[in-house]
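> How does the following fold in three dimensions:
(one chain, ligands or ions: 1)
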Amino acid sequence: METPKARLALTIDERIDEPGNIARVRLRALDGAPLPPFTAGAHLDVHIRDADVDLWRQYSLCSDPAETAFYEIGVLRDPNSRGGSETLHRIVRTGGTLEVEGPKNHFPLNEAAPQSLLFGGGIGVTPMIAMARRLHALGQDFALHYCTRSREVTAFRDALAAAGLADAVVYHHDDDAATRLDLDAVLAEARDGVNVYVCGPQGFMDWVIGRAGAFGIDDACIHREFFSADVDVSGEAFEVVAERSGVTVSVGAEDTIAKALARAGVEVEVKCEEGVCGTCVTDVLDGEIDHRDHFLTADEREDGDQMCVCCSRARGKRLVLDL
Ligand code: FES
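Have a look, this model is predicted:
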C-alpha cells in the first residue's frame, strides 16, 4: 500500500476558465516555498468542502513535472458528477486556499519506452499533458491524441502551444469527420514496444484498450487512469470479520464493507468511494473477493489478497480482513 502523504494547504494562485466548462487551477505553497516534486501521471487528492459537501476527489496534475513553484490541475464542471467537481468549480477563487494530499502516482510513465501514444478524452487529457511535457523534455518519440466533442470545447490549447508541444498534439473532434480519431490507423503505425496511455470517459477507454489489445500490444504496455467509475456496489449479503479488531459485521445487499465497518467503529479511510483512488485498499486474510474497482491490476486481483473495501464485495458468505 502507498505511504500516506502529508496534507498541504495551498493557495489558489490563479483560476483560468478554459473552454468546455474547464477551470485550470494553479496552486502554490502558502509561503511560496517549493512544492513536493511529482512524476508525470501523478494526481492530487483535493478536499472539497462547502455547506453540506465534504469529500475528497482526485485531480491529475497537468503542469510540468520539472516545475516545483506551482501545481496545475484541470477541473471540469460536470452536472452529472456526484457533486465534487461542480462544487469545486463554484468555490475555487483566485486567492482562496485548498487542502490537498499528494502528489501520488498510480499512472506512471515508462520513460524508457521506444514510443509512447497518449490518448486523452475530454478532461482525461490532464495527466497526458504532464506526460507530454516530460517526454518532450526527454526527447522521446511520442504523440498526444486529444479527443473532444468540438474545437469550441477544447481546453488547454494555449497551454499546450506555450509548452512547445503543438507539433506533438493531434486534435480530434467528434463533430468534424476530417479530424475524428482513426484509432486503427494510429495503432497500425505504432513501433514495436510502444506504450499506450488512456484516460477519459469509460466508452473511450474501453475502445482504446480493446483496439490496442487487438493490435497485439501487451496488456502491461496499456496504461489506464480512471477519473471516476459507475460502480455497482450491490449484491448478495455477506459477513466480514475485522480480524485484529475482533469485530464481525453483516454487509447488506446495497451496503459496502467500509460503511458496515464504520458503523461498528472500525474506520477505513475512503476518498473516491468508487474504486478508482486506492485509498481504501485492505489486506484480505481469507475468503473470495468479488472485485468491483478499477484500481487493482489484473495480477493483484488474481493474487486475491487485497481489495477496495469502498465498493468490492465477497463472492462467498464471508471475508476476513486484516483490520
Ligand atoms: S476509496 Fe477510492 S478506491 Fe476505495
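
> residues touching the closest residue in space to Arg151 that isn't next to it in sequence, list them.
Using C-beta to C-beta, 6 or more residues apart in numbering and skipping residues adjacent in sequence, the residue nearest Arg151 is His173, 5.4 Å away. Where C-beta positions appear, they are placed from N, C-alpha and C, glycine not excepted. Residues in contact with His173 (C-beta atoms under 8 Å, 6 or more residues apart in numbering) are Cys147, Thr148, Arg149, Ser150, Arg151, Thr154, Thr179, Arg180.

> May I have the phi/psi pair for His173?
phi -120, psi 130 (degrees, to the nearest 10).

> With distance to the ligand as extra columns, can I get the contacts of His173 in CSV?
Output for the contacts of His173, formatted as CSV (distance: C-beta to the nearest ligand atom, whole Å):
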residue, distance to the ligand
Cys147, 26
Thr148, 27
Arg149, 28
Ser150, 32
Arg151, 34
Thr154, 29
Thr179, 35
Arg180, 33
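
> What separation is there between Asp293 and the ligand?
Distance, Asp293 to the ligand, by C-beta to the nearest ligand atom, to the nearest Å: 6 Å.

> which stretch of helix or strand covers that residue?
Using DSSP states H and E, Asp293 is not contained in any helix or strand.

> Could you pull up the residues touching it?
Ala229, Val231, Gly275, Val276, Met307, Cys308, Cys310, Cys311, Ser312.

> one more time with 10 Å
226, 229, 231, 272, 274-278, 280-281, 301, 307-312 (C-beta atoms under 10 Å, 6 or more residues apart in numbering).

> for Ala155, same thing?
Ala155 sits in contact with 16-24, 62, 74, 76, 122-123, 125-126, 146, 148, where contact means C-beta under 10 Å, 6+ apart.

> part of a helix, is it?
No. Checked against DSSP: H, G, I helix; E, B strand; the rest coil, Ala155 lies outside a helix; its state is coil.

> what's around the closest residue to it other than its chain neighbours, how many residues?
Of all residues beyond its chain neighbours, the one nearest Ala155 is Glu18 (3.6 Å), with distances taken as C-beta to C-beta, 6+ apart. Burial measure for Glu18: 18 neighbouring residues, criterion other C-beta atoms under 10 Å.

> Close to the ligand: what parts of this structure are there?
Counting by C-beta under 6 Å from any ligand atom, the chain comes close to the ligand at 270-273, 275-280, 293, 295, 308, 310.

> I'd like to know which of the residues you listed are buried.
270-273, 275-280, 293, 295, 308, 310 (16 or more other C-beta atoms under 10 Å).

> Most distant residue from the centre of the protein?
Most distant residue from the mean C-alpha position of the chain: Gly246, 34.2 Å away (C-alpha atoms, centre = their mean).

> In contact with that residue, which residues are there?
Counting by C-beta under 10 Å, 6+ apart, Gly246 has contacts Val266.

> re earlier: does the residue nearest to Arg151 have beta-bridge partners, and which?
Legend: beta-bridge partners of His173 under DSSP bridges are Thr148.

> pretty sure the residue nearest to Ala155 is touching His89, no?
No. The pair Glu18 / His89 is not scored as a contact, 11.7 Å apart, by C-beta atoms under 10 Å.

> Now do the shared contacts for these two.
Contacts common to Glu18 and His89, judged by C-beta under 10 Å, 6+ apart, are Val75, Leu76.

> Out of the contacts of Ala155, name the ones that lie in helices.
Filtering the contacts of Ala155 for membership in helices, criterion DSSP state H, returns Thr126.

> Drop anything exposed from the contacts of Ala155.
Here, 16+ other C-beta under 10 Å leaves 16, 18, 20-24, 62, 74, 76, 122-123, 125-126, 146, 148 buried among the contacts of Ala155.

> Which residue ranges of the stretch 51-200 of the chain form helices?
Shown for the stretch 51-200 of the chain, the helices assigned by DSSP state H, counting those that start in this stretch span residues 84-91, 126-138, 157-162, 183-188.

> got the CA positions of stretch 67-77 in CSV?
The C-alpha trace of stretch 67-77 is given here as CSV (Å, rounded to 0.1, in the frame of the first residue of the first chain):
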residue,chain,number,x,y,z
GLU,A,67,8.2,22.8,-12.1
THR,A,68,8.3,23.0,-8.3
ALA,A,69,6.9,26.5,-7.8
PHE,A,70,3.3,25.6,-8.6
TYR,A,71,0.9,22.8,-9.4
GLU,A,72,-1.8,22.9,-12.0
ILE,A,73,-5.0,20.8,-12.2
GLY,A,74,-8.0,20.9,-14.5
VAL,A,75,-11.5,20.8,-13.1
LEU,A,76,-14.5,20.0,-15.3
ARG,A,77,-17.9,21.3,-14.2
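
> Show me which residues of that stretch are buried.
For stretch 67-77, using 16+ other C-beta under 10 Å, the buried residues are Glu67, Phe70, Tyr71, Glu72, Ile73, Gly74, Val75, Leu76, Arg77.

> Looking at strand pairing, list the partners for Ala314.
Ile289.

> and the gap between it and the ligand?
16 Å.
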